[in-house]
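Q: Just the structure for this:
(2 chains)
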Protein chains: 2
Amino acid sequence: MRAAIFRQGKFLVDTIPDPVLADGQVLVRTRACGICGTDLHAAKFPRQYAELSRRSGGRFTMRDDVGIVFGHEFVGEIVSLGPGTSGRFPPGTLVTSMPVTLAGTKAEGIGYNAEVPGAFAEYIPLAERLLLEVPPSMHPDHGALVEPMAVGEHAAEFARLTGEEVPLVIGCGPVGLAVIAALKLRGLHPIIAADFSPARRKLAQRLGADMVIDPATASPYEALAQTITPAGFDGSRYAQLTGGAGKRRPAVLFECVGVPGVMQGMFDGAPAGARIVIVGVCMETDSFEPFFGILKQLDVQFVLGYTPEEFARTLDNIASGRIDVAPLITGRVGLEGVQAAFVDLANPELHAKILVEPGR
Amino acid sequence: MRAAIFRQGKFLVDTIPDPVLADGQVLVRTRACGICGTDLHAAKFPRQYAELSRRSGGRFTMRDDVGIVFGHEFVGEIVSLGPGTSGRFPPGTLVTSMPVTLAGTKAEGIGYNAEVPGAFAEYIPLAERLLLEVPPSMHPDHGALVEPMAVGEHAAEFARLTGEEVPLVIGCGPVGLAVIAALKLRGLHPIIAADFSPARRKLAQRLGADMVIDPATASPYEALAQTITPAGFDGSRYAQLTGGAGKRRPAVLFECVGVPGVMQGMFDGAPAGARIVIVGVCMETDSFEPFFGILKQLDVQFVLGYTPEEFARTLDNIASGRIDVAPLITGRVGLEGVQAAFVDLANPELHAKILVEPGR
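A: Residues are numbered from 1 along each chain as shown, chains lettered A, B, ... in the order given. As a prediction, this is how the structure comes out:
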């Protein structure tokens, strides 16, 4: 089969062996696969990512010494059933799954794995047990958006929301947009979102942000502070002792950028008592001043991925129209276009999510 | 009155004006006042601390351009009642309070405040309304330990414990010891504690640690992992999907050191899903790799101080004997001894808490 193989810093389309199905697997023809921010990072810093993977205790499997087929946000059509399958979905069924496959009792990640090709390839060997059907009511391509949108669902779950919070989403790339969609579903208002890009701010509004801010012209933290603070609030250190405190709405901030320095900005800007959920995946060393986290008694919750339940719920939310992912898809390329797409994605005015279509 | 004044990097004993009582204040003769780790830091890095205070939005008030009287862990005896007091405690009553005083409706911190002398002085002007009586059943000096022990009570409250957790306390200075005491009161077992100092490890055991570890010879994180992990546990990335997970006890780690680098060590060593409570006050810039927090979905809760309720509860715990603070007191000095005590406290084999006795 044909695949876009990442080797020595770039993508080349070549032929690799078709997957050989293991026990419980089905062969799926890839219809579309999104390009993720982590893909961009892994392609830009393959050595660092491989080193982090090595130190991750087997929880990530990126290597930089062999060719790798990326691609973990996929939708496709079953073409054949392997040994030991039940046939619960017949060939022709449109499916997606979490980016994991099972070979007997062994699990393998899909996307940064030298052992198993990802979905920038014509075919992927998926575990029948993990498949979810993409229903006919849903645009087939939107199956590729389940994975990135599930990241937002997971972040919102980990935020331990009570419903009283005012959320601020820093960064409106696909991760931030997924968080905004999950917050909207939970009925939180106003949702404040910040991004330097006008196109991204428009997308944030379409996904559910009530207030969008360009950090180049106004402070998102100031907007958050104004929103949560009632008239006459006394924020001084001993306000409770002098009887002048009043009550602010709780604040929850979502870091959806994933580059060094953002966390320190949030420590500086967050109101006292805020919860910060780190959804962006920063793969570099970061530095910050704990003192301001301490003074404000901040809580920082790091999150990753999603549970199978969150993944399935996200598919339902998209299928039912509760989340409209159509505006996120800003480009489509065949396998030969992967290299250029990785460059184009650097421009937030042009792109949010580019789908790779191996059959194109 | 006589006071140890910190000016230009050192302590000098001099005479300063007696406090003039404002509305609602009583004059208290200082019996004893502990030296705190934050005092040590402020004395070592006065410029940095003053700069952090300036940036804290009025929540801290340290200055390095004028003389300051430190001292915020105090116990003393009421000598006179100021205007507008109710006389709820007559002169002669032994009292402590949170390190705040009220002058009418204005609150002032005690300890790093150019406007109000701290308790390394003969007298302090306290707010009658905030006073707590140190009961006759309690050793009078132990009133000076309420403040540092309340820090542990507060940290344990913020840890949102369910009772299932295995706690690991990193650092067994006064902060770590206070955390251990608070964990013991909550019935958590085993309490694991780590410190390089044999003397500190002995104190940790006296305060309630079930297992103490010298990080020079064994990994506290390894001990924690062994304690929470049942036989046959499968910690691999997709264990849940292959049905082989098993259940670990939840882990909660307390950072009680407050120097750069410890947090990264905890990110490296903590088990997946752990909560980390940052109790040590690090005043320098720290650096760490968010990737490992992300992979493990860690939660980092920064805490500071205590509430009035936690402070009062800590006094009760000491008075009733539920917490025995006697072993913590390792030295006593008069005002002239303050400078030397700040040097001596650098040796954890010799000292945990030194009390300053201005009447000595």
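Q: and the longest strand belonging to chain A, how far from the chain's centre?
A: Secondary structure of chain A per DSSP state E: the longest strand is strand A:25-34. Centre-to-centre, strand A:25-34 and its host chain are 19 Å apart (Cα atoms, centre = their mean, to the nearest Å).
Q: export the helix or strand following it as CSV, just CAs?
A: Per DSSP states H and E, strand A:25-34 leads on to helix A:37-44 as the next helix or strand towards the C-terminus. The C-alpha trace of helix A:37-44 is given here as CSV (Å, rounded to 0.1, in the frame of the first residue of the first chain):
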residue,chain,number,x,y,z
GLY,A,37,-0.4,19.7,16.5
THR,A,38,1.6,16.8,18.0
ASP,A,39,2.3,15.6,14.5
LEU,A,40,3.7,19.1,13.6
HIS,A,41,5.9,19.0,16.8
ALA,A,42,7.1,15.4,16.2
ALA,A,43,8.0,16.4,12.6
LYS,A,44,9.8,19.5,13.7
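Q: Show me what counts as buried in the helix or strand of chain A with the lowest mean pLDDT.
A: Across the helices and strands of chain A, mean confidence by mean pLDDT, DSSP states H and E is lowest for helix A:239-242: a mean of 81. Using 16 or more other Cβ atoms under 10 Å in any protein chain shown as the test for burial, helix A:239-242 gives A:241-242. No exception for glycine: its C-beta is placed from N, CA and C like everyone else's.
Q: Likewise for stretch A:23-38?
A: So for stretch A:23-38, counting by 16+ other Cβ under 10 Å, buried means A:24-38.
Q: Same question for stretch A:348-356.
A: Buried-residue list, stretch A:348-356, by 16+ other Cβ under 10 Å: A:348, A:351-356.
Q: ok, and what's touching the least confident helix or strand of chain A?
A: A:234, A:245-246, B:100, B:102, B:105-107, B:130, B:308 (Cβ atoms under 8 Å, 6 or more residues apart in numbering or on different chains).
Q: From those residues, pick the one nearest A:I323.
A: A:G246 (36.2 Å; Cβ to Cβ).
Q: ok, which residues in the stretch 201-350 of chain A are in contact with chain B?
A: A:236-244, A:263, A:278, A:281-304, A:308 (Cβ under 8 Å from any Cβ of the partner chain).
Q: Near chain B, which residues of the stretch 51-200 of chain A are found?
A: Residues of the stretch 51-200 of chain A lying near chain B (Cβ under 8 Å from any Cβ): A:52, A:55-56, A:58-60, A:100, A:102, A:105-109, A:130, A:158.
Q: Counting only strands, which of the residues you listed make the cut?
A: Using DSSP E, those in strands are A:100, A:102, A:106-109.
Q: Now tabulate those in JSON lines and tack on pLDDT.
A: Output for those, formatted as JSON lines (pLDDT from 0 to 100):
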{"residue": "A:V100", "pLDDT": "96"}
{"residue": "A:L102", "pLDDT": "95"}
{"residue": "A:K106", "pLDDT": "88"}
{"residue": "A:A107", "pLDDT": "92"}
{"residue": "A:E108", "pLDDT": "93"}
{"residue": "A:G109", "pLDDT": "94"}
